[in-house]
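Visitor: Here is a sequence with its predicted model. Questions after.
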2 protein chains.
Amino acid sequence: MTLKGPIQADPAGPVVISVDAMGGDRGPAAVVAGLTDCAARHPDVRFLLHGPQDELQRLVSRRKDLAGRVEVRHAEGVVSMADKPSQVMRNGQGTSMWSAIEAVREGSAGVVVSCGNTGALMLVSMMRLRKLEGVNRPAIACFWPSRNASGFNVMLDVGADVRADPDDLVKYALMGASYARNGLGLTQPRVGLLNVGTEENKGRPELKAAHELMPSAAEAGGFSYVGFVEGSDIPSARCDVIVTDGFTGNVALKTGEGTATLIREFLGQAFRATPLSRIAALLALTSLKRLQVRIDPRRQNGGVFLGLNGTVVKSHGSADATGVAAALELAVRLARSGFSDRLAARLASVPAPRQDETGHEETGGTQ
Amino acid sequence: MTLKGPIQADPAGPVVISVDAMGGDRGPAAVVAGLTDCAARHPDVRFLLHGPQDELQRLVSRRKDLAGRVEVRHAEGVVSMADKPSQVMRNGQGTSMWSAIEAVREGSAGVVVSCGNTGALMLVSMMRLRKLEGVNRPAIACFWPSRNASGFNVMLDVGADVRADPDDLVKYALMGASYARNGLGLTQPRVGLLNVGTEENKGRPELKAAHELMPSAAEAGGFSYVGFVEGSDIPSARCDVIVTDGFTGNVALKTGEGTATLIREFLGQAFRATPLSRIAALLALTSLKRLQVRIDPRRQNGGVFLGLNGTVVKSHGSADATGVAAALELAVRLARSGFSDRLAARLASVPAPRQDETGHEETGGTQ
């Protein structure tokens, strides 16, 4: 990590986070509550809050911790979960989401955080911030609880694009490794390619093609390539970064979350089953709470859009104050580390493996 | 369920299960132990056991419950996990796997159970048992713990083929519904198509095409189509059958198993954390054991190959006695219900939606 890029427009200045107050399922009150939590932990961080001036000003003025640290930027419109991304891209100028992204584009803030419509956030981010040189498909990366020392793995893409060509998968490996370096503090992240088996002959043609390209990308990109990994390896200690297309990644992410939620319910039922088990639950309260924290998806809230000129953190639409605070915490960490510039520098340092094929839609024939 | 097909060659005779004793990670001893467990529960069931005569005879003769109920069929060769399916298909005649499948083909047994190499088992099954009329790609179906009254959902394909055309997905819906009818005792199963969102405009082209075909197939096939579902719906009560391609299904299955295993580990750590929590674990022992049973993948062991002339149950390669017993239990249930013939009759009763396109390899252009 020898790169020393500026964190934002003014690297010596304080960290500024641009926050879309609207578009989440729980409204701006949850966002401001999360903001307060983050502000209390980071007295040097400042915030730009985007949405209806009067409503936001009222919410902010009630919080002592936010005094003098939040600038509200008025935006009348709200992007709803039902809005089509393409329509938001055409007509979304007056919305809080647009305004929040614009603040990063013009250099007023280092990172943007939004709980809103993922598709719209990605499309507007792509249009306003632009893709990084050499990136065809940006990706969404998330943390996944694992047996690694850090407690997490990085997985991408978890939903930016339903398909990925071999070159995209290689770029995901580079970007995911850079994210793991900055987000998890690893020097030489281990990258695995998600497949239905670990043998070389397994899987779809685009995976076999990407598998061939990985070793040279690993050398240039400063990561280790461990080969194919399976779904059961996602929470394992076999690798630090799991690379897959946005369809598979999204299904895996939601399957993991759904499984964890189901088991939490079963656990609750088990502890309410008999009088003895209810006493046991009381005795084990501290340990169980620690377990809840470890598997609580709210605490790992925040998908990061990789491959853009600027960092965008997508919080879960249903995030409450705890969830919003976790997404903001991630944003602060990434802004502080100058992640956006480090990623750009890393991508620029790696030669494009096969420039002529970038942008292709077909995957079957590139092997 | 008005169909009354014969269970096997002699419907009035006892249920006979053909068991591949070799190829599992734990060897024939684990298989014979599981067999004993199943035999004790079903005094009327008989078994054909395939593998090296002397070794198997010795293992069987030690078990009182198996006396007079197991016929050992000698097979010298063993299909290993590393063997290439195509090679097994060409040269596998002398193996226990081949012999076990052959017993179903010739009508000596109703169902075959194997812990061996999935790819080889599928390929030999396809070649020897043949695909059912109208089926292009057979699928592997499994049970998934859920919030439904039965405690389970059915998911397919979880790994037979890494791709699926729209027509394949429609056939999976028909076959999955038939399996849920016989395996879970439902009259009108609800089928969902796995996607990255529930909106109509989400996902890959082949999914949108299958989505269009589903309503008419549902009417003809006696199931309800609930539309697109997400990964988080796999353990939910939104549907009974989840349809997807074998790549996505395999990743989802292993991700779910991996997540459950991780949480079990965390839970164990939580209960060993403090003296108080260790006492709590003792008090809650019964409840925790019930929970372990509910989320123990061994108890739902057994993927079923659908779309063949005959029923094949694939047990997990690492299955121990408990796992093998669960797979055998499933085999007995399916043999008793005459599932194989019911499924064939159901498929024959539904007109092929677009006969001219069956067999295509490309998926993008069929919308």
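Guide: It's in.

Visitor: what residue ranges in chain A are flagged as low confidence?
Guide: Judged by pLDDT under 70, chain A has its weakly predicted residues at A:1-13, A:292-301, A:352-367.

Visitor: I'd say A:Asn136 and A:Leu169 touch.
Guide: No. Counting by Cβ atoms under 8 Å, A:Asn136 sits too far from A:Leu169 to count as a contact (10.9 Å). Bear in mind the C-beta positions are built from the backbone N, C-alpha and C, glycine included.

Visitor: which of the two has more neighbours?
Guide: Per other Cβ atoms under 10 Å in any protein chain shown, whichever of A:Asn136 and A:Leu169 has more neighbours is A:Leu169, with 27 against 17.

Visitor: To which secondary structure element is that one assigned?
Guide: With secondary structure defined by DSSP states H and E, A:Leu169 is part of helix A:166-183.

Visitor: With A:Ala345 instead?
Guide: helix A:339-349.

Visitor: For that helix, which residues meet the burial criterion?
Guide: Within helix A:339-349, the residues that count as buried by 16 or more other Cβ atoms under 10 Å in any protein chain shown are A:Phe339, A:Ser340, A:Asp341, A:Arg342, A:Leu343, A:Ala344, A:Arg346, A:Leu347.

Visitor: show me what contacts A:Ala177?
Guide: A:Ala177 makes contact with A:Pro189, A:Val191, A:Gly221, A:Gly222, A:Phe223, A:Val241 under the criterion Cβ atoms under 8 Å, 6 or more residues apart in numbering or on different chains.

Visitor: With secondary structure and neighbour count as extra columns, can I get these in TSV?
Guide: TSV is the format used below for those (DSSP: H, G, I helix; E, B strand; the rest coil; neighbours: other Cβ atoms under 10 Å in any protein chain shown):
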residue	secondary structure	neighbour count
A:Pro189	coil	24
A:Val191	strand	27
A:Gly221	helix	23
A:Gly222	coil	17
A:Phe223	coil	26
A:Val241	strand	31
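
Visitor: Quick check: the residue nearest the centre of chain A vs A:Gly221, distance?
Guide: The residue lying closest to the centre of chain A (Cα atoms, centre = their mean) is A:Gly303, at 1.8 Å. Between A:Gly303 and A:Gly221 the distance is 22 Å, computed by Cβ to Cβ, to the nearest Å.

Visitor: mind listing what's buried in stretch A:230-241?
Guide: Neighbour-count burial for stretch A:230-241, with 16+ other Cβ under 10 Å as criterion, is recorded at A:Glu230, A:Gly231, A:Ser232, A:Asp233, A:Ile234, A:Pro235, A:Ser236, A:Arg238, A:Cys239, A:Asp240, A:Val241.

Visitor: Which ones among the residues you listed also lie next to chain B?
Guide: When contact is defined as Cβ under 8 Å from any Cβ of the partner chain, the buried residues of stretch A:230-241 meet chain B at A:Glu230, A:Gly231, A:Ser232, A:Asp233, A:Ile234, A:Pro235, A:Ser236.

Visitor: Please tabulate these in TSV and include secondary structure as additional columns.
Guide: Below are these laid out as TSV (DSSP: H, G, I helix; E, B strand; the rest coil):
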residue	secondary structure
A:Glu230	coil
A:Gly231	helix
A:Ser232	helix
A:Asp233	helix
A:Ile234	coil
A:Pro235	coil
A:Ser236	coil
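
Visitor: which of the residues you listed lies closest to chain B?
Guide: Relative to chain B, the closest of these is A:Gly231; by Cβ to the nearest Cβ it sits at 2.9 Å.

Visitor: How about that closest one: what's its closest non-neighbour residue?
Guide: Nearest non-adjacent residue to A:Gly231, counting by Cβ to Cβ, 6 or more residues apart in numbering or on different chains: B:Lys254, 2.9 Å away.

Visitor: wait, isn't that neighbour in contact with A:Glu230?
Guide: Yes. Between B:Lys254 and A:Glu230 there is a contact under Cβ under 8 Å: 5.1 Å.

Visitor: Farthest pair within the contacts of A:Ala177?
Guide: Greatest spatial distance among those (Cβ to Cβ): A:Gly222 and A:Val241, at 12.1 Å.

Visitor: Please, where are all the helices along the stretch 151-300 of chain A?
Guide: For the stretch 151-300 of chain A, the helices defined by DSSP state H, counting those that start in this stretch cover A:166-183, A:205-221, A:246-272, A:275-283, A:285-295.

Visitor: re the thing from before, nearest to B:Glu55, of the buried residues of helix A:339-349?
Guide: Among those, and counting by Cβ to Cβ, the member closest to B:Glu55 is A:Arg346, at 57.1 Å.

Visitor: Next one: the residue lying closest to the closest one once chain neighbours are set aside from A:Lys314, what distance?
Guide: What sits nearest to A:Arg346 in space, not counting adjacent residues and going by Cβ to Cβ, 6+ apart, is A:Ser178, at 4.8 Å. Relative to A:Lys314, A:Ser178 is positioned 18 Å away (Cβ to Cβ).

Visitor: ditto for A:Val15
Guide: A:Val15 is 19 Å from A:Lys314, by Cβ to Cβ.

Visitor: Neighbour count: the two, which is higher?
Guide: It is A:Lys314, of A:Val15 and A:Lys314, that has more neighbours when counted by other Cβ under 10 Å, with 27 against 20.

Visitor: how much space between the more buried one and B:Leu276?
Guide: 40 Å.

Visitor: What about A:Ala273, how many residues nearby?
Guide: The burial count for A:Ala273: 17, using other Cβ under 10 Å.

Visitor: Could you double-check that it lies in contact with B:Ser287?
Guide: Yes. Taking contacts as Cβ under 8 Å, A:Ala273 lies within contact range of B:Ser287: 4.8 Å.

Visitor: returning to what we had before: which residues are in contact with the residue nearest to A:Arg346?
Guide: Contacts for A:Ser178 (Cβ under 8 Å, 6+ apart) come out as A:Gly221, A:Leu306, A:Phe339, A:Arg342, A:Leu343, A:Arg346, A:Leu347.

Visitor: which two in those are spaced the farthest apart?
Guide: Top of the distance list for those (Cβ to Cβ): A:Gly221 and A:Phe339, 15.5 Å.

Visitor: quick one, phi psi at A:Asp20?
Guide: phi -80, psi 110 (degrees, to the nearest 10).

Visitor: Going by proximity to chain B, name the top residue of the stretch 251-367 of chain A.
Guide: Counting by Cβ to the nearest Cβ, the stretch 251-367 of chain A gets nearest chain B through A:Lys254, at 2.9 Å.

Visitor: That residue reaches B:Ser232, doesn't it?
Guide: Yes. A:Lys254 is within contact range of B:Ser232, at 4.3 Å (criterion: Cβ under 8 Å).

Visitor: Outline the domain layout of chain A.
Guide: As recorded under automatic domain parsing, the domains making up chain A are A:1-135+A:307-336, A:136-300.

Visitor: For B:Gly203, find the nearest of those.
Guide: Judging these by Cβ to Cβ, what sits closest to B:Gly203 is domain A:136-300, at 6.1 Å.
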